[in-house]
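Asks: give me a 3D structure for the following:
(chains A and B)
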Amino acid sequence: MKLVSAVIKPFKLDDVREALGDIGVSGITVVEVKGFGRQKGHTELYRGAEYVVDFLPKIKVEIAVDDSMVDQVIEAISNAARTGKIGDGKIFVFELEQVIRIRTGETGADAL
Amino acid sequence: MNSTLIPRLFRPLLAIGLMLIPFLAFAQEEATLDTGDTAWMLTATALVLFMTIPGLSLFYAGLVRAKNVLSVLMQCFAITAMMSLLWAIYGYSLAYTDGGSLQSIIGGLDRLFLSGLTVDSLAGTIPESLYMTFQMTFAIITPALIVGAFAERMKFSAMLVFMAVWMTLVYVPIWHWVWGGGWIANLGAILGLTEKGGAALDFAGGTVVHINAGIAALMAAIVLGPRKGYPGTAMPPHNLGLTVMGASMLWVGWFGFNAGSELAADGTAGMAMTVTQLATATAALTWMFIEWINHGKPSVLGIATGAVAGLVAITPASGTAGPMGAIVIGFSGALFAFIAATKLKRKLGYDDSLDVWGVHGVAGIVGAILTGVFAAPFLGGSGLADGVEGIGVQVIIQFVSVVATLVYGGVLSWLILLGIKSTMGLRVTEEQETMGLDLSQHDERGYIL
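Replies: Reported below is the predicted structural model:
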């Protein structure tokens, strides 16, 4: 099992959710985060005083999937979240040791 | 009808009769009271109070950091309450009434505790109570403007003391000099430029309100010193939505300020409203475009600040300038205020937190000088001061009145601030400042999220 964690532009969330739904992903977790990569931050200007804001608002989407699904998920997110401009985000893939469904006690792939 | 001619015994009967016969009562109304003027001035008075609470309060509240939002709201609110009482107790009397042998310097004591002011007292064509209250709203907003200069660092107790003393020693005398028949009202003659009179033109308070508040603000910013971390730490406004709402309320309320200063519902009031709108609109766009050209984007804070600068600049000229003069005044006010608030302040290093000097002081000075220019009939104005021949003379009079206000207001404000600093202290402790004034001064928080 893998945990796919994608940082994307906030306005792309709906597209990503839809793309993941289309390939049969059954659950996603979304967190509002802040950060920067190569895009860096932006400047704000108040009566001539410039402030550099390093951290931009982003959305982090987390999906736990079976190994067989990983490539599909990455492709779906990449396609849906891409604008071609700087700041589109990144996808991280982690090894996932265990998954437990709290209600039933199922574990592993059955719990996904 | 002269009420003193009516035998005392018959007055109650007459009063009842007047109540029973409204038409007759109307016909026999005191000849000099004008109900139209009175109605307008009741409205104008409410509008000017609207400028302070909520207008100015919100304008400032949005500009400070979240931990100080309540402190500026509280300061404006408390000033409103305190100045109302002080104005009624002695401010109005010392400003407005005849000072006898001291008339050129200060007014008299005839209206101390508002003694002698009854429902029948008139000031021109409106009730004197209304005139007194209208002027009370000016005595409220002027000190409230100063709050912006020392925001985020002054002790609340010290603020109250400063405002009470400042209103007494600075605001009231300058009011009297300009509007109460004091020496600035006869400046032309004093300078030998006119045979008599030659008043400095200040229709709605460019000198009395804005330059006066502006120079006190600058002194406060200097004596208190910069906020902890200024200018290295970012201190962006915490809620520009509040600021825009406040600025919008200022814009609306200012019609009471400027058109109300005619004290009548007439053509001058109408024109005052027109020029106020035009100058403000011009100034808002001026600031917006300067910023757009300089920085690539038109900012919301910029257009709102520009509007305030325009309102300030047209204030002294609102009773004398014509529409095209107003546009020039609005443009100039915004241009100079922009330079002062965004460039000069950073160069000189003082921390006028919310730009009271930059906006009110500087736009006030520009407006006061240009008032002398655009009052001229051939530039669309309604005429120079009585006894003044030529723009040059009027401009000199305006200039001297500005310098007098800057010097007197500046020195007195500085002395008052030093006095408070050496006794009760002006500033909160470093720890309190970091914590924010909301918690450290009031044990409250603006936002519980």
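Asks: which bits of chain A sit near chain B?
Replies: By C-beta under 8 Å from any C-beta of the partner chain, the residues of chain A that approach chain B are A:44-49, A:51. Quick note: C-beta positions are derived from backbone N, CA and C, even for glycine.
Asks: so which of the residues you listed wins on neighbours?
Replies: residue A:47 (21 neighbours; other C-beta atoms under 10 Å in any protein chain shown).
Asks: grab the nearest non-local neighbour of the residue of chain A found nearest chain B.
Replies: Here the residue of chain A nearest chain B is residue A:48; by C-beta to the nearest C-beta that distance is 2.8 Å. With sequence-adjacent residues excluded and distances taken as C-beta to C-beta, 6 or more residues apart in numbering or on different chains, residue A:48 is closest to residue B:342, at 2.8 Å.
Asks: next, the residue in the stretch 201-350 of chain B that chain A sits nearest to: phi, psi?
Replies: For the stretch 201-350 of chain B and chain A, the shortest gap (C-beta to the nearest C-beta) falls at residue B:342, measuring 2.8 Å. Dihedral pair for residue B:342: phi -100, psi -30, per degrees, to the nearest 10.
Asks: report the contact partners of it.
Replies: Contacts for residue B:342 were tallied using C-beta atoms under 8 Å, 6 or more residues apart in numbering or on different chains; they are A:47-49, B:358.
Asks: state the distance from the residue nearest to residue A:48 to residue B:152.
Replies: Using C-beta to C-beta, to the nearest Å, we find residue B:342 at a distance of 19 Å from residue B:152.
Asks: and the longest strand anywhere in chain A, which residues are buried?
Replies: The longest strand of chain A (DSSP state E) is strand A:56-65. Residues A:56, A:58-61, A:63-65 are the ones in strand A:56-65 that count as buried (16 or more other C-beta atoms under 10 Å in any protein chain shown).
Asks: now it: average pLDDT?
Replies: For strand A:56-65, mean pLDDT is 94.
Asks: got it, and stretch B:107-127?
Replies: Taken as a whole, stretch B:107-127 has a mean pLDDT of 96.
Asks: and the longest helix belonging to chain A, what's buried?
Replies: The longest helix of chain A (DSSP state H) is helix A:70-81. For helix A:70-81, burial by neighbour count (16+ other C-beta under 10 Å) applies to A:70, A:72-74, A:76-78, A:80-81.
Asks: what pairs with the helix or strand just after it, parallel or antiparallel?
Replies: Once helix A:70-81 ends, the next helix or strand along the chain (criterion: DSSP states H and E) is strand A:89-95. Paired strands of strand A:89-95, with direction, are strand A:2-8 (antiparallel) (DSSP bridges).
Asks: returning to what we had before: what is the orientation angle of the longest strand of chain A with helix A:70-81?
Replies: 150 degrees (axes from the mean of the first three to the mean of the last three C-alpha atoms, to 10 degrees).
Asks: nearest residue to residue 92 other than its sequence neighbours?
Replies: You didn't say which chain, so I picked chain A. residue A:5 (4.6 Å).
Asks: oops, chain B please
Replies: Of all residues not flanking residue B:92 in the chain, residue B:132 sits nearest, at 5.2 Å (C-beta to C-beta, 6+ apart).
Asks: ditto for residue B:58
Replies: residue B:246 is the one closest to residue B:58 (C-beta to C-beta, 6+ apart), at 3.2 Å.
Asks: can you classify the one you found by secondary structure?
Replies: Recorded secondary structure, residue B:246: helix (DSSP: H, G, I helix; E, B strand; the rest coil).
Asks: wait, it touches residue B:60, no?
Replies: Yes: using C-beta atoms under 8 Å, residue B:246 is in contact with residue B:60, at 7.1 Å.
Asks: who's more crowded, these two?
Replies: Neighbour count, other C-beta under 10 Å: between residue B:246 and residue B:60, residue B:60 has more, with 28 against 23.
Asks: check contacts around the more buried one.
Replies: B:72-73, B:76, B:147-148, B:151, B:246, B:354.
Asks: kindly report the same for residue B:180.
Replies: Contacts for residue B:180 (C-beta under 8 Å, 6+ apart) come out as B:95-97, B:99, B:107.
Asks: repeat that for 7 Å
Replies: Applying C-beta atoms under 7 Å, 6 or more residues apart in numbering or on different chains to residue B:180 gives the contacts B:95-96, B:107.
Asks: what pLDDT does residue A:52 get?
Replies: Here the pLDDT value assigned to residue A:52 is 85.
Asks: what helix or strand is it on?
Replies: Using DSSP H and E, residue A:52 falls within strand A:49-53.
Asks: same deal with residue A:37?
Replies: Using DSSP H and E, no helix or strand contains residue A:37.
Asks: what's around residue 101, how many residues?
Replies: Just so you know, I chose chain A. 12.
Asks: nope, chain B
Replies: Using other C-beta under 10 Å, residue B:101 has 7 other residues around it.
Asks: and for the one 4 residues further on?
Replies: With neighbours defined by other C-beta under 10 Å, the count for residue B:105 comes to 12.
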